[in-house]
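1. sequence first, predicted model second:
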Amino acid sequence: MIEAIKYSIAAILLAFLQAYLIQEINMGVWHKPLPYVAIFFVLNVHSNRYAVLVAAFAFGFLIDLLSGSFGMHTGACVALAFFKNLYDRNWLDIDSITLQGQQHFSPEAKSWPAYLQYIGSLTFVHHLVFFSLDYFKADALLYILLTATISTMGTIGISLLLRELFSSK
Amino acid sequence: MRIFFRWIRKQSYLLLAIFLFGLSVNQVMRFHLYQHSFYVQSSIGFYRNIDRWKADIDYYFGLKEENDRLARENQRLRSQLNTYALSPDSVELVNHFDSVHQKPLRYAYIQAKVIRSNTRLRNNTLILDKGSLDGIKPNMGVIAPEGIVGIVLQTSEHYALVMSILNSKFELTPYFQELQLQQGVLAWDGQNARQVTISEVNKAERIRKGMHVQTSHYSTLFPPGLPIGRVSRISESPDNTYVELGVTLGVNFQRLQHVTVVQHLFADEEATLMQHHQELQGND
């Protein structure tokens, strides 16, 4: 219960941060980072997958409400939650993480390259869906891929920064 | 059924994800102008293509019937030609056969295919696969071999919207071939897709069941003498000097595939003359 409240507060803070700060900063045409996805990386790997999916919908909806981008963040968050579940079940060694006494995947649980691959693929899926809904054009595939790739790098950078700032150390 | 429910239970996570994602996309479509217009345009194109495919399939399976209909039309036209050849006065009525009579054309014809048609509404319409690029304009008459079909209401570049005769706003003065009489108002009462009514026909006229009803000389949209249908019902009431007639239509709108759009080449000239006449009357 306490964990759920903790996640909810963090989600609301990240939503406000995205809508009122990061979105307002012009970082170039191709670079539109969406660091709120960081909250998905620290979700407990044993969380109920249905609850995560519904919570992702609500979280995306909140960001859409605040930033006036109805549906885009919501769709991207739902896709991310779905893909995260797929990744956790098929490619992540959940038992190893649990045995190490951790609740979510971290560099300490395996290695930095594995961690970067994990957050990189999740972020890319999220950004790909987000920019596809934004451009909404089959001819713009190249722009979508380019924006998603560059923004993924930016998002990962900010997420790692946030991780260092708020880590328990 | 049990297998179906088991499948739903098994795939519930995927279905929930699809449902939530669908809701998100729905929001995107509804609240973003660009995405909304893209969606609307794509859906219109999609539905028009479906209509076209459906019409093609219907057309293929209706070829035999279509052949019979064309044969009947040929027969009717041949008999009309004979009539006109025998009667010099009637040449004026058909001066659109002009290679024969060397006179200016009065009507031009554009062939079109019906790609959407409804008959169950109060105001029925049809959509044709030809539009303004093919020369179709609003207020042109639309006919089929068995009779008149309607009037063009609107056109886009490739399509035309037609108000069918099965429309509460459609009215026409009919011509009774056997009596050589132009009288009454032909309209649709919304009851039966194969029948229209004619009101305001004088009781004294000797109307009988089975008489041919055609387009009159008063119409600026249709050439005179085109078939409409046959009188199938005569309703009289003792306290009324008029009779109401039921006319079974020649055109079966549920099976209509090919139509001809009629362009009255002197329509503008006629309209100008009428306007001039009205102005003169106004000055008096």
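-> Alright, I've got the coordinates.

2. contacting residues for the residue most central in space within chain A?
-> Computing the C-alpha centroid of chain A and ranking residues by CA atoms, centre = their mean puts A:Val37 first, at 2.0 Å. Taking CB atoms under 8 Å, 6 or more residues apart in numbering or on different chains, we find A:Val37 in contact with A:80, A:122-123, A:126, A:155, A:159. The way it works is simple: take the backbone N, C-alpha and C, and place the C-beta from them, glycine included.

3. what does chain A put close to chain B?
-> A:49-50, A:53-54, A:56-57, A:60, A:64, A:70-72, A:74-75, A:78-79, A:81-82, A:85, A:133, A:136-137 (CB under 8 Å from any CB of the partner chain).

4. okay, buried residues for stretch A:1-21 please.
-> For stretch A:1-21, burial by neighbour count (16 or more other CB atoms under 10 Å in any protein chain shown) applies to A:7, A:11, A:14-15, A:17-19.

5. just send the residues you listed back as CSV, with pLDDT, secondary structure and distance to A:Phe105 too.
-> CSV is the format used below for the buried residues of stretch A:1-21 (pLDDT from 0 to 100; DSSP: H, G, I helix; E, B strand; the rest coil; distance: CB to CB, whole Å):
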residue, pLDDT, secondary structure, distance to A:Phe105
A:Tyr7, 83, helix, 16
A:Ala11, 88, helix, 19
A:Leu14, 89, helix, 19
A:Ala15, 89, helix, 23
A:Leu17, 87, helix, 23
A:Gln18, 87, helix, 23
A:Ala19, 85, helix, 27
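
6. turn the residues you listed into JSON lines, columns for distance to B:Ile207.
-> Conversion of the buried residues of stretch A:1-21 to JSON lines gives the following (distance: CB to CB, whole Å):
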{"residue": "A:Tyr7", "distance to B:Ile207": "84"}
{"residue": "A:Ala11", "distance to B:Ile207": "80"}
{"residue": "A:Leu14", "distance to B:Ile207": "82"}
{"residue": "A:Ala15", "distance to B:Ile207": "78"}
{"residue": "A:Leu17", "distance to B:Ile207": "84"}
{"residue": "A:Gln18", "distance to B:Ile207": "79"}
{"residue": "A:Ala19", "distance to B:Ile207": "77"}
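
7. out of the residues you listed, the closest to B:Leu265 would be?
-> Of all the buried residues of stretch A:1-21, A:Ala19 has the smallest distance to B:Leu265: 64.2 Å, by CB to CB.

8. which residues does the closest one contact?
-> For A:Ala19, the contacting residues are A:63, A:66-67, by CB under 8 Å, 6+ apart.

9. hang on, the earlier thing: in strands only, show me the residues of chain A next to chain B.
-> Using DSSP state E, no member of those falls in strands.

10. count of neighbours near the residue nearest to B:Ile8 when sequence neighbours are not counted?
-> Once flanking residues are discounted, B:Ile8 sits nearest to B:Leu15: 6.9 Å by CB to CB, 6 or more residues apart in numbering or on different chains. Counted with other CB atoms under 10 Å in any protein chain shown, the neighbours of B:Leu15 add up to 13.

11. for the stretch 1-150 of chain B, which segments are assigned as strands?
-> For the stretch 1-150 of chain B, applying DSSP state E, counting those that start in this stretch gives strands covering B:107-117, B:123-128, B:141-144, B:147-155.

12. just send those back as CSV, with distance to chain A too.
-> Shown next, in CSV, are the strands of the stretch 1-150 of chain B (distance: least, CB to the nearest CB, whole Å):
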stretch, distance to chain A
strand B:107-117, 26
strand B:123-128, 28
strand B:141-144, 38
strand B:147-155, 29
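
13. OK, contacts around the nearest residue to B:Glu66 once chain neighbours are set aside?
-> Excluding its sequence neighbours, the residue lying closest to B:Glu66 (CB to CB, 6+ apart) is B:Gln257, at 6.5 Å. Contact analysis of B:Gln257 by CB under 8 Å, 6+ apart lists B:55, B:58-59, B:62, B:66, B:113-114.

14. which of the residues you listed tops the neighbour count?
-> That'd be B:Val114 among those, by other CB under 10 Å, with 24 neighbours.

15. what about it, distance to B:Arg6?
-> 46 Å (CB to CB, to the nearest Å).
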